[in-house]
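Undergrad: any chance you could fold what I've pasted below:
(chains A, B, C and D, ligands or ions: 4)
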Amino acid sequence: MSEHVHAVHPEPDMVQLLTPEGQRVEHPDYSLEISDAEISDLYRDLVLVRRIDTEAIALQRQGELGLWASLLGQEAAQIGAGRALRPHDMAFPTYREHGVAWCRGVDPLALLGLFRGTNLGGFDPLEHNFSMYTIVIGAQTLHATGYAMGVVRDGAVGTGDPARDTAVLAFFGDGASSQGDVNEAFVWAAAGNLPVVFFCQNNQWAISEPVERQSRVPLYQRANGFGFPGVRVDGNDVLACLAVTRKALDDARGAQGPTLIEAFTYRMNPHTTNDDPRRYQLGSERETWKLKDPLERVRAYLAREAGMDADFFDGIEQEARTLAEHVRAGCRALPDPTPESVFEHVHVTMPDDLVAQRADFVEFVSAVSS
Amino acid sequence: MSEHVHAVHPEPDMVQLLTPEGQRVEHPDYSLEISDAEISDLYRDLVLVRRIDTEAIALQRQGELGLWASLLGQEAAQIGAGRALRPHDMAFPTYREHGVAWCRGVDPLALLGLFRGTNLGGFDPLEHNFSMYTIVIGAQTLHATGYAMGVVRDGAVGTGDPARDTAVLAFFGDGASSQGDVNEAFVWAAAGNLPVVFFCQNNQWAISEPVERQSRVPLYQRANGFGFPGVRVDGNDVLACLAVTRKALDDARGAQGPTLIEAFTYRMNPHTTNDDPRRYQLGSERETWKLKDPLERVRAYLAREAGMDADFFDGIEQEARTLAEHVRAGCRALPDPTPESVFEHVHVTMPDDLVAQRADFVEFVSAVSS
Amino acid sequence: MTASSGMTPMTMAKALNEGLRKAMEADEKVVIMGEDVGKLGGVFRITDGLQKDFGEDRVIDTPLAESAIIGTAVGLAIRGYRPVCEIQFDGFVFPGFDQIVSQVAKFHNRSAGLVRMPITIRIPSGGGIGAVEHHSESVETYFAHTAGLKVVACSNPSDAYWMIQDAIADDDPVIFIEPKRLYHAAKADVADAPTPLYEARVVRPGEHVTVVGYGPTVSTLLESARTAADEGIELEVIDLRSVSPLDMSVLLESVQRTGRMIVVHEAPHSFGVGAEIAARITEQAFYSLEAPVLRVTGYDTPYPPSRLEHEWLPNLDRVLDAVDKILEY
Amino acid sequence: MTASSGMTPMTMAKALNEGLRKAMEADEKVVIMGEDVGKLGGVFRITDGLQKDFGEDRVIDTPLAESAIIGTAVGLAIRGYRPVCEIQFDGFVFPGFDQIVSQVAKFHNRSAGLVRMPITIRIPSGGGIGAVEHHSESVETYFAHTAGLKVVACSNPSDAYWMIQDAIADDDPVIFIEPKRLYHAAKADVADAPTPLYEARVVRPGEHVTVVGYGPTVSTLLESARTAADEGIELEVIDLRSVSPLDMSVLLESVQRTGRMIVVHEAPHSFGVGAEIAARITEQAFYSLEAPVLRVTGYDTPYPPSRLEHEWLPNLDRVLDAVDKILEY
Ligand SMILES: Cc1ncc(C[n+]2csc(CCOP(=O)(O)OP(=O)(O)O)c2C)c(N)n1
Ligand SMILES: Cc1ncc(C[n+]2csc(CCOP(=O)(O)OP(=O)(O)O)c2C)c(N)n1
Ligand SMILES: [Mg+2]
Ligand SMILES: [Mg+2]
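TA: Ligands and ions are numbered 1, 2, ... in the order given. Predicted structure coming up:
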């Protein structure tokens, strides 16, 4: 086939509040009251999560991680969405939401165990109101929908009490939009008018398959078919992602039902550290998207419009270096799993035959390792 | 909850060409050139398939069938859709498409084995271009989509040659619209611009669940979310169903891609002979729909507008009686399955251990039955 | 069976209904979800009246999508609920298979024990009701082979009443197999106390051959035992009750006495539950065996047209054939 | 292995690629479909170059939906095609489970033989590659227990080359298990003729203990046999090749000589392939057995974090432990 060229382009109706050049722009439906201090905080988030990502990739190269799924290019989508959440809201990630994890107060080190092979999770989903990384494409959208059913049953929507009303945020990708589970989640959320927001990071690719393989119309329009609103937002614009997600979460908390958000962005790195995009991607595409970098535009705004000086940027750089050190040292220090641990949490109460198998295994491991 | 009342009502934009009173009406997008003779043939179809249904229910009551899924009330949807097919088109039914089977030239007796328990099918899907009855909700929509992929690969779309261009027609119900498989079929059909038409008989109920449990918007709108046209048609109007399905099949054959048709109708009988609708249905609802009977309106038209006389209607009555006799006698004469048959078609080539199991089974059955 | 609970004798359908009611009264976090479980009370009426008494929030008529029934149950469990999912018929559990195997079974382990999946999945199972395709499957083996799941099957009203409550109370996910053809069979007393959920039970003692079944086949085994007794052959009938984990102690104690064991189930023969029991018994009681463990099961074919199901299913004659065969060793 | 085919030695990945190419040349109705099988050549490059050479119509990058990959393959088969579906990783076959078990496995039977399902479902399987969750599962038992399916596993490049062609040429649906950790292992010669698809093969003769494996474990068994030989213990290594149907003749002939058998697989222990083989061997060779059939398998846990996978998986030490144990009987 002729070299792949994207048919889907940013729509005029794509919500944008900060241009790639760093200009604030207004949008009729999504105004955002935000101070330069708050924007500075968002910038800090963006820089730090990109740094976490950079370090993780380096650690994978050094053999410290078996794999890493990079979020490069998607920082704004994840920080914008993540910062729109309230502490008691619940989020359901895929395997790439490192930026959202950051917003939920999860130590980056807690994410590395899964990729290092020392555990399958590493943090407490209930403490952070951030569910487990989910690798089976789309599965988590149903978990989010069920959680939202529970929220409704707990009377935690539409009370008007901000400390009580709760929303659920489900992350998924453009490829995932083809999975039955994701569409079933749309059916249930619509039929039940549930307080769940579906946040699709359309990074244009599902490994080697362009989004056109999944849909011939923009993904945000999928929601129309199920009878709830869909909106496309500039996924590289952290302010727009924050504003659009905030609005959708408010609607959810206010018993207005679900929203589908399509964050239009781009995967600037390979799918994972195992992937080789040269086989299917045009370098030129990546170059075009480089000009829309989610960090640069905020930096430009802060420097030009908000008059932040070198000290500010140096301060964040310093923070990033400290964080990087934390990630590097912490990763190498991650404890290996104990043989017992493999058996411990298979069930809450361990059946006898598993007790016996554990004994075998523990004995065997100590034998070979001694 | 308060007694269930349908929120979804026939839309103004529901295609109708023949009113419940038997008046022909025009529709801007769907004109239908059809002679009174052709309408008479459709009426004959409607009467005969209803009679097959009536006989099957009676046979179930008499213990000759284990179960029957009645099509009462849905005759127009099935005959309209079935008669829109060309011989070389392919149709994929659920378990209720007895009227479509009729249009595909399948002997009604061939449908009874499944419900009598003498076989799992009973006719040759490839001879009739009518696939097997499919009981797992939604599964057949993917089969139809895959078949349509084959049609495209065979170069049998968009050639303009009516003897060559082929369309696929997939049947499913309102409840089925919630299944992942059905929505995946929409994804594939849209992304691949496949020659498949999705024909949803919205009979308002999925066993005891009203369509509102599945969707808060009319089902034909689901197609918008996937980027292909959806249309709602009066499912009790055989002319409208014929016209709308013809158009959709023509588009498919002409490489215009998929269409979703929602035939708005009503299940006038219990879900199956096992069901007890009194537990969940308002009798009044049934009464309202009785006034929209798919046969009566055609009968009224033929008598009033086309001047068909008593002989015509008596002739069809006579045909129906003969057919009924064929069904009654034929059902009782259906051969029981042989023990061998259970093993014969598990695989094309039977593995040794199955050969041994067959020997056991055959010996055992002859032993107990002797 | 121990003394009556004072409840009037009841069918298995009624016993399950009563057990579900008790479970919902005991814990307000218990919710029932599935297709047609509300006003209709399920196609088998197992949830009859529960929506009327506990409301639509706790007895939920779901959209028609099994993957979503299970997937949303996972989300409800994360939120602190205790979902009881009804799969309408055995053959329709497969669209939900991914959520069961990759999420329900693994989530607790994935979270290192921080999140629990107290989900009960009720599956009306097995054949013998003259139904059409997909309505007579025996699917327990798929789940028994899946780490993280427990699989139990009730064979009588008393167990049905108690086991469903214990399964729901269990903090682990439980696949609950209900022999649908016994739903409306003879009424029976309900014991005043449960047998522990994961214990097998000797339901008829015998010295010559141990016959093991669960769910629908137990009554067939009792019938076989009565017939065999007429010829002086005493079958010891064991109701497995729990398919996974297996209660080996009861099986071993029995086979060490009888030296002979036959395992009976409706599921296809190969790679079935009988194979695992045969393998373990041979491993753990090798020198006690007078004969190999034999199996009387469904054949390795799709479930047959119902006109042949009673021949295809394990039945009195096939069990007694196996008894004769095993005694020839 | 018979004399070389004259092809240069190749890896299993290359052998599968060549086999697929041959199958597509042999029958224009063969289509390959799956996620990323086109330009990328699949995440393991098994279909590398095939889209370029055969076109997008025959090597189809599908949307991301396994149920649809299988369900549309059923429709293609009805239309007369011979689909070869790639499941990207073992753990992702489950969303397609319903279409496999209720449609692919049953359609031919449902149609009384009038419609065929010549569908091959390729599943890169097993562990040992340091992957994250769901990427190291062994799912063969689920399909072996499903009537209407055949399940085969290749263990070396030559079999990979021939078996994939035979599986595609088979008019029945075949689940094709590929041991992913061997894809890029040592190159080997390709035999000039295939061993019949459903036959087991003795890959190393020995007189003391029969050890049976398939797919990824065969190389572990050969390694174990070499080590055991140093202590004068001769293991007879059998490559099952076909998990379902089972080629009992080869297994029986061997165990009747050795009197001892160990079955080895990565899939969880309970209700696994080892159980069926143990049950059949005990049934059919009862008096030849010096010891019960033992099993060295994955444990009844979810697949562990990769740091522990090499201990968790059947390995040299665990096999030799079992050999010592079985020789003590
Ligand atoms: C059910 C399932 N099938 C296949 C895979 C393998 N896989 C992992 S990521 C991926 C692509 C996902 O694309 P998208 O949804 O766009 O998310 P992205 O990776 O681009 O963030 C695939 C096919 C999987 N994880 N789960
Ligand atoms: C996967 C699956 N789940 C459940 C069932 C049981 N079942 C049979 S028909 C039916 C309702 C179908 O409703 P609808 O799609 O509206 O079709 P209708 O029967 O109204 O024609 C259900 C739940 C099934 N056959 N398949
Ligand atoms: Mg993507
Ligand atoms: Mg319906």
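Undergrad: what about A:R116, how many neighbours?
TA: The number of residues packed around A:R116, counting by other CB atoms under 10 Å in any protein chain shown, is 27. C-beta: built from backbone N, CA, C; applies to glycine.
Undergrad: that one contacts A:G63, correct?
TA: No - here A:R116 does not reach A:G63: they are 10.0 Å apart, not a contact under CB atoms under 8 Å.
Undergrad: so which residues of the stretch 251-370 of chain A form strands?
TA: A:259-264 (DSSP state E, counting those that start in this stretch).
Undergrad: which stretches of it have low pLDDT?
TA: Within the stretch 251-370 of chain A, the stretches with pLDDT under 70 are A:370.
Undergrad: tell me which residue of the stretch 201-329 of chain C lies closest to ligand 4.
TA: The nearest approach of the stretch 201-329 of chain C to ligand 4 comes at C:S306, 24.6 Å away (CB to the ion).
Undergrad: where do the strands of the stretch 51-200 of chain C begin and end?
TA: Using DSSP E, counting those that start in this stretch, strands in the stretch 51-200 of chain C cover C:59-61, C:82-86, C:120-125, C:150-153, C:174-179.
Undergrad: just the helices in chain A please.
TA: Under the criterion DSSP state H, chain A contains helices at A:36-61, A:75-84, A:98-103, A:108-116, A:125-128, A:139-153, A:180-191, A:222-226, A:238-253, A:283-290, A:294-304, A:310-333, A:339-344, A:352-369.
Undergrad: so who does the closest residue to A:G225 other than its chain neighbours touch?
TA: Distances taken as CB to CB, 6 or more residues apart in numbering or on different chains place B:G225 nearest to A:G225, at 2.0 Å, with adjacent residues excluded. When contacts are counted by CB atoms under 8 Å, 6 or more residues apart in numbering or on different chains, B:G225 touches A:Q221, A:R222, A:A223, A:N224, A:G225, A:F226, B:F186.
Undergrad: spatially, which two of these are the most separated?
TA: Spanning the widest gap among those are A:A223 and B:F186, at 13.9 Å by CB to CB.
Undergrad: which residue lies nearest the spatial centre of the chain?
TA: Picked chain A for this. Most central in chain A under CA atoms, centre = their mean is A:E97, positioned 2.7 Å from the mean C-alpha point.
Undergrad: wrong chain, I was asking about chain C
TA: The residue lying closest to the centre of chain C (CA atoms, centre = their mean) is C:A153, at 1.6 Å.
Undergrad: let's have the helices of chain A in a markdown table, adding distance to D:D192.
TA: Putting the helices of chain A into a markdown table (distance: least, CB to CB, whole Å) gives the following:
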| stretch | distance to D:D192 |
| --- | --- |
| helix A:36-61 | 43 |
| helix A:75-84 | 56 |
| helix A:98-103 | 52 |
| helix A:108-116 | 44 |
| helix A:125-128 | 56 |
| helix A:139-153 | 46 |
| helix A:180-191 | 45 |
| helix A:222-226 | 53 |
| helix A:238-253 | 61 |
| helix A:283-290 | 44 |
| helix A:294-304 | 58 |
| helix A:310-333 | 50 |
| helix A:339-344 | 45 |
| helix A:352-369 | 41 |
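Undergrad: can you tell me the residue of chain A closest to ligand 3?
TA: Closest residue of chain A to ligand 3, CB to the ion: A:G173 (3.8 Å).
Undergrad: which strand residues bridge the nearest residue to that residue once chain neighbours are set aside?
TA: Closest residue to A:G173 apart from its sequence neighbours, by CB to CB, 6+ apart: A:Q201 at 5.8 Å. On the basis of DSSP bridges, A:Q201 is bridged to A:G173, A:A263.
Undergrad: contacts only, for A:Q201.
TA: A:Q74, A:A77, A:Q78, A:R96, A:F171, A:F172, A:G173, A:D174, A:G235, A:A263, A:T265.
Undergrad: per-residue pLDDT, it?
TA: A:Q201 carries a pLDDT score of 98 in this model.
Undergrad: against A:A144, how distant is it?
TA: The spacing between A:Q201 and A:A144, counted by CB to CB, to the nearest Å, is 15 Å.
Undergrad: what do you get for A:V136?
TA: 14 Å.
Undergrad: same check on A:S178?
TA: Applying CB to CB, the value for A:S178 to A:A144 is 18 Å.
Undergrad: more neighbours, those two?
TA: A:A144 (34 against 27).
Undergrad: leaving out sequence neighbours, find the closest residue to C:M248.
TA: Nearest to C:M248 is C:R280, by CB to CB, 6+ apart, at 6.2 Å.
Undergrad: list the contacts of the one you found.
TA: If you count contacts by CB under 8 Å, 6+ apart, C:R280 has them with C:L246, C:M248, C:L251, D:A275.
Undergrad: among these, who's most crowded?
TA: Result: D:A275 is most packed of the contacts of C:R280 (other CB under 10 Å), 27 neighbours.
Undergrad: quick one, the helix or strand harbouring that one and helix B:352-369 angle?
TA: D:A275 is located in helix D:273-284, with elements delineated by DSSP states H and E. Counting by axes from the mean of the first three to the mean of the last three CA atoms, to 10 degrees, helix D:273-284 points 60 degrees away from the direction of helix B:352-369.
Undergrad: burial count for the residue in the stretch 51-200 of chain A that chain B sits nearest to?
TA: Nearest to chain B, among the residues of the stretch 51-200 of chain A, is A:G180, at 1.9 Å (CB to the nearest CB). When neighbours are defined as other CB under 10 Å, A:G180 has 31 of them.
Undergrad: how about the contacts made by it?
TA: By CB under 8 Å, 6+ apart, the contact list for A:G180 reads A:G138, B:Q179, B:G180, B:D181, B:N183, B:E184, C:S67, C:P95, D:A65, D:S67, D:A68, D:P95.
Undergrad: which of these count as buried?
TA: Among the contacts of A:G180, those that count as buried by neighbour count (16 or more other CB atoms under 10 Å in any protein chain shown) are A:G138, B:Q179, B:G180, B:D181, B:N183, B:E184, C:S67, C:P95, D:A65, D:S67, D:A68, D:P95.
Undergrad: list just the nearest of those to ligand 1.
TA: Relative to ligand 1, the closest of the buried ones among the contacts of A:G180 is D:P95; by CB to the nearest ligand atom it sits at 5.2 Å.
Undergrad: tell me the pLDDT at the nearest residue to the closest one once chain neighbours are set aside?
TA: Excluding the flanking residues, the one nearest D:P95 by CB to CB, 6+ apart is D:E66, at 4.1 Å. Listed pLDDT for D:E66 reads 98.
Undergrad: do A:G235 as well
TA: For A:G235, the pLDDT comes out at 98.
Undergrad: repeat that for C:A3.
TA: 53.
Undergrad: repeat for A:P12
TA: 67.
Undergrad: need the residues of the stretch 51-200 of chain A near chain B, please.
TA: With CB under 8 Å from any CB of the partner chain as the criterion, the stretch 51-200 of chain A comes near chain B at residues A:S177, A:S178, A:Q179, A:G180, A:D181, A:N183, A:E184, A:V187, A:W188, A:A190, A:A191, A:N193.
Undergrad: pick out the most distant pair among those.
TA: A:S178 and A:N193 (24.8 Å).
Undergrad: what residues are up against the residue nearest to C:L197 when sequence neighbours are not counted?
TA: Spatial nearest neighbour of C:L197, chain neighbours left out: C:D166 (4.1 Å); criterion: CB to CB, 6+ apart. Residues in contact with C:D166, defined by CB under 8 Å, 6+ apart, are C:P194, C:P196, C:L197.
Undergrad: same thing but 10 Å
TA: Shown in contact with C:D166 (CB atoms under 10 Å, 6 or more residues apart in numbering or on different chains): C:G19, C:A23, C:T120, C:V152, C:D159, C:V174, C:F176, C:P194, C:T195, C:P196, C:L197, C:Y198.
Undergrad: count of residues packed around the residue nearest to A:L109 when sequence neighbours are not counted?
TA: Spatial nearest neighbour of A:L109, chain neighbours left out: A:G330 (4.1 Å); criterion: CB to CB, 6+ apart. For A:G330, the neighbour count with other CB under 10 Å is 15.
Undergrad: is it true that A:G330 touches A:A56?
TA: No - at 11.4 Å, A:G330 does not count as touching A:A56 under the criterion of CB atoms under 10 Å.
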